[in-house]
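# Predicted model and sequence follow; I will ask about them next.
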Amino acid sequence: MARDLTPGTGPRRGRLRVYLGSAPGVGKTYRMLDEARRRQERGADVVVGFIECHGRRHTESMLTGLETVPRLTRSYRDAEFEEMDLDAVLKRRPAVVLVDELAHTNIPGGRHAKRWQDVGELLDAGIDVITTVNVQHLESLNDVVQKITGIPQRETVPDEVVRRADQIELVDMAPQALRRRMAHGNVYRAEKVDAALSNYFRVGNLTALRELALLWVAGRVDEGLRDYRASHNIDRVWETRERVVVALTGGPEGETLIRRAARISDRTAGGDLLAVHVTRSDGLAGASSGALAQQRQLVETLGGTYHVVVGDDIPTALLAFARAHDATQLVLGTSRRGRITRFLTGPGIGETTVDASEDIDVHMVTHEFTGRGRLPSLGRRHSRRRTIAGYVAGLVLPWLLTAVLSQAHDTVNLTTDALIFQLGVVIVALLGGATSALLASVVASVLLNYFFIPPVHTLTIGETNNIVALVVFAAVALAVSTVVDHASRLTTRAARATAEAETLSTLAGSVLRGADALPALLEKSRTAFGMDSVALLERTGGEVLARCDGEGGGGPEPAQPGETTEIPVGPDAVLVLTGRRLPAADQRVLTAFAAHVAAALERDRLAVVAAEVEPIKAADRMRTALLAAVSHDLRTPLAAALASVGSLRSPDVEFSPEDQAELLATADESLVKLTRLVDNLLDMSRLQAGALTLHLAETHLDEILPRALDSLADPYAPVQPLDLDTVPAVLADPPLLERVLANVVTNALRHNAPGAPVLVAASHHAERVEVRVIDRGPGIAPEDRDRVFLPFQRLGDTDNTTGVGLGLALSRGLAEAMGGSLEVEDTPGGGTTMLLTLPAAQTVHDDRPGGVGA
């Protein structure tokens, strides 16, 4: 019965130490052997249960002086394989045993199917085990690794087995350093290096695998920290990972705040930086979109993310966003408002946010624009809160002024009293508008009459002059409040018009920029009007042409089902906005949005039409180039053949048998070149016209390549095949694949370094087979890699007798017609690698056990 790594019932269970690597070759086995030698020097009984050195001399040298338990040999499918002798290790019973490749599948016939089960039995026996495993063999990451590398990993180990190890040590190496080790021959044999560097060991693959390994180990470290806190009854939260949110208004202080927040985030490894801008629900009274775009670019440059949320109550929206993203710190800028503004408008956003932040640390960052703002804008539409405050001030402020002026009645006269009351009415007008100012003027008139106009403490006025003064006071107060309110409304309209113009300018820029204008317009429509989603539908059939859904939050009017707004977009489409009910004032701006969406939609349709016309233009260019090529390249072999045949038929000259044979050979060679040229031209024409007929079948590369080499001008050219018989068959048209390989190999031979062979290597990745034709020539500059596949292009060739430049163009076209591709890569160490990718004819099911590797 197979055992696993769950705790046994014995008095002492062995301890497990795992060396986890991101890829083969990073040095796991070497580190394991180094640890074994260190323990042996301290007197520990250490033996080698199973070590796989893969022919690496540095690793083999580390085995010197270590006792090795003889391996067990098993037969499987007419082949001999070596395995760890589990019974021999148990009988030897060392203190520590080294077991390489934890995910290895055992040869049938033993007690356990997997090596990690052997390790479990050793641990149950009280033997300490040191082992190795690569991140691609962890069960939870198996599908992720396959997506990254294209290689399925059939040998895996459950994550729980590695997670329960007493010690996990990450063996890390930078991708560039590992590739250098590969190039120096320290990982694989020399003939395997080029294929390995171009396949599994690409920089992108190694970087992704390294990140997976680091994140997996970091997760295990986090688990260990939680276990430690639980075992020591530590209830406090340890903020080991910072998540910093910076609030942006679009003001000039934005860059200072972003950089400050980035520094806070960088203090802790793994810290996150999130920038958020809160836009009002009408979407039209916000900051400059240009400034916000620059700040967004800065955030992304520093590795952060940018977010936009909708909300009229900015502190509430900020804190809701921060809590939704588990933020630990919130960065705000100190207010740009001056003292007078703060006195008139009350607490600002920063103060309100600090009061409500609770467990979130709030940083108020000073900047050079602090306190340099303008007086409060009179153009903002008064909120309900400010309207109520205006009425309260209209009732309370005149009484406060009365109390103050009553104490100074002996030093000020009636004119001064009236002017001070007049100032109070203006302040109320600034706070609450005309209605609250009217209330304040009435209250002030009554109080001024009762307390300051003789006879005092009565509503009777003794002098006509005082009656006139009171009437003038009431009239001026009413006039001033009306003018202030009117100015407020005009400023509101001006601000709204400015915001509308700015928004529409942004929309126009989105259309003019061209690519992806339609999604950008829909996103702008959603955020500008504070909607939950925006969709572009066909009028007939209701098909969704484009859609944008976003995260709303903090808006004053939660979206209700059925609250939609529809605006026509041209004759064939309609723009549907779902969310809050839009006021009539926004309908006009939304109509302008719809006009821009219609323009973007029409531009996309024109682009489709232009794309349909492009093949016709390409065919015209092809015909033009074909005529230019025929003038020389088609005429040369034809003239040589005609000259040879004409000479043989001439009665005026008698040729010797040797001369006749030479003339016949010249004619034959010229006609072969002419036939090959005509075939290429015809096939290229069929490809351009879409009339090429394919007969796809299961095709074996090791059978096709010899036929392709036989068709070369020099069938004995130095071409070395590698691993063609180890990959599955491809789905291709055999004659066409033969021509593709012949053309690509001919091109490699033409540019290869003298004396160096051209390598043809194959590898299998997921459902694709990759064929690499590798030369050691001068290589191709990155800017010229697309040009080499253009018809009638001889990049760097000066000899026009070598052809019309159709070989690579035709090869790429044939490869794509068969469902594959043909690309250019650099050869490590110098040269060019042509990468031919074709679909595999069937998925390989190789159940042969053994061999954990890439």
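Perfect, thanks for sending it.

# how many neighbours does the nearest residue to Arg220 once chain neighbours are set aside have?
Of all residues not flanking Arg220 in the chain, Ile168 sits nearest, at 5.8 Å (Cβ to Cβ, 6 or more residues apart in numbering). Any C-beta I mention is one placed from the backbone N, CA and C, and that applies to glycine too. Using other Cβ atoms under 10 Å, the number of residues around Ile168 comes to 19.

# Go through whichever helix or strand Ile168 is part of and flag the buried ones.
Ile168 belongs to strand 167-171 when elements are defined using DSSP states H and E. Taking 16 or more other Cβ atoms under 10 Å as the basis for neighbour counts, the residues of strand 167-171 that come out buried are 168-171.

# Report the mean confidence score over that strand.
Across strand 167-171, pLDDT averages out at 92.

# and the residue nearest to Arg220, what are its bridge partners?
Under DSSP bridges, the beta-bridge partners of Ile168 are Val18.

# my read: Arg74 touches Glu83, true?
Yes - at 5.8 Å, Arg74 and Glu83 qualify as touching, with contact defined as Cβ atoms under 8 Å.

# where in the stretch 301-450 of the chain is pLDDT low?
326, 336-347, 369-384 (pLDDT under 70).

# so where do the strands sit in it?
Secondary structure of the stretch 301-450 of the chain by DSSP state E, counting those that start in this stretch: the strands cover 305-310, 329-333, 361-365.

# Out of those, which one sits most buried?
Here the criterion is mean neighbour count by mean count of other Cβ atoms under 10 Å, and of the strands of the stretch 301-450 of the chain the winner is strand 329-333, at a mean of 24.

# can you give me how far that one is from the chain middle?
Using Cα atoms, centre = their mean, to the nearest Å, we find the averaged C-alpha position of strand 329-333 to lie 27 Å away from the chain's own average C-alpha position.

# can you list the residues that contact that strand?
Outside of strand 329-333, the residues that reach it under the criterion Cβ atoms under 8 Å, 6 or more residues apart in numbering are 242-247, 249, 251, 253-254, 256-257, 260-261, 264, 318-319, 322, 349-350, 353, 357, 360-365, 367, 370.

# in its sheet, what does it sit against?
In the sheet, strand 329-333 lines up against strand 243-248 (parallel), strand 361-365 (parallel) (DSSP bridges).

# Could you dump the ones you listed into a markdown table and include distance to Arg163?
A markdown table is the format used below for the strands paired with strand 329-333 (distance: least, Cβ to Cβ, whole Å):
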| stretch | distance to Arg163 |
| --- | --- |
| strand 243-248 | 26 |
| strand 361-365 | 33 |
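
# Minimum distance to Ala592: which of the ones you listed has it?
Taking Cβ to Cβ as the criterion, Ala592 comes closest to strand 243-248 out of the strands paired with strand 329-333, the separation being 26.1 Å.

# what's the helix or strand following the closest one in contact with?
Next helix or strand after strand 243-248 toward the C-terminus (DSSP H and E): helix 254-266. Outside of helix 254-266, the residues that reach it under the criterion Cβ under 8 Å, 6+ apart are 242-248, 271-273, 275, 291-292, 294-295, 298-299, 302-304, 329, 331-333, 363, 365, 367-368.

# how does it look with 7 Å?
Taking Cβ atoms under 7 Å, 6 or more residues apart in numbering as the criterion, the residues outside helix 254-266 that touch it are 242, 244, 246, 248, 271-273, 275, 291, 295, 298-299, 302, 304, 329, 331, 333, 365, 367.

# What of stretch 761-778?
Contact with stretch 761-778 is made by 146, 150-152, 194-195, 198-199, 701, 722-724, 727-728, 730, 744-745, 748, 751-753, 756, 758-760, 827, 830-840, 843-844, as judged by Cβ under 7 Å, 6+ apart.

# among those residues, which ones are buried?
Under a neighbour-count criterion of 16+ other Cβ under 10 Å, the subset of the contacts of stretch 761-778 counted as buried comprises 150-151, 194-195, 198-199, 701, 722-724, 727-728, 730, 744-745, 748, 751-752, 758-760, 827, 831-838, 840.
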